[in-house]
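*Asks:* Model the following, please.
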Amino acid sequence: MHQSSRIMPSCKDKKRRLLRFSRESPQQLGIIQNSAQWVIFHLDMDAFYASVEQRDNPALRGQPVIVGAPPTQRGVVCAASYEARKFGMHSAMPSATAGRLCPKG
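*Replies:* Numbers count the residues shown, from 1 in each chain. Below is the predicted model of the structure:
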């Protein structure tokens, strides 16, 4: 393949790559002048549903909570509380595995 026959990335693609691998903010790179254009949220949705269960049922506070299919059925863990994570729980884990790792969850 000749150098001239290569497809050159667009300016937009270059900016995306720059943002992905740069430690500077978009403003420092001169890509975005108005910071109001960018809003970044970090939500730990893996524990969200377990936190809602703990909020609704105070008896579950401080205990490992696993939201998902029962370990006797085929399914996965949808959410795991921080207490359950200490046992190795995470979302998308098979329910049977979760039941073995944390039988009281």
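*Asks:* now the strands for this structure?
*Replies:* Counting by DSSP state E, the chain has strands at residues 66-68, 77-80.
*Asks:* Mean confidence (pLDDT) on the last one, please.
*Replies:* The one in question is strand 77-80. In this model, strand 77-80 has a mean pLDDT of 91.
*Asks:* What is that strand packed up against?
*Replies:* Here strand 77-80 is seen to pack against helix 45-56, strand 66-68, helix 95-101 when contacts are counted using 3 or more Cβ pairs under 8 Å, 6 or more residues apart in numbering; DSSP states H and E. C-beta: built from backbone N, CA, C; applies to glycine.
*Asks:* What residue spans form the domains of this structure?
*Replies:* The chain breaks down by automatic domain parsing into domains covering 8-37, 45-101.
*Asks:* Compare the mean pLDDT across these and name the weakest.
*Replies:* Here those differ in mean pLDDT, and the lowest is domain 8-37 at a mean of 56.
*Asks:* circling back to that earlier point, got the helices and strands packed on strand 77-80 as TSV, with mean neighbour count and distance to Tyr82 columns?
*Replies:* As requested, the helices and strands packed on strand 77-80 are exported to TSV (neighbours: other Cβ atoms under 10 Å; distance: least, Cβ to Cβ, whole Å):
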stretch	mean neighbour count	distance to Tyr82
helix 45-56	16	6
strand 66-68	23	12
helix 95-101	17	15
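*Asks:* I'd like those as TSV, with distance to Phe87 appended.
*Replies:* Conversion of the helices and strands packed on strand 77-80 to TSV gives the following (distance: least, Cβ to Cβ, whole Å):
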stretch	distance to Phe87
helix 45-56	13
strand 66-68	9
helix 95-101	5
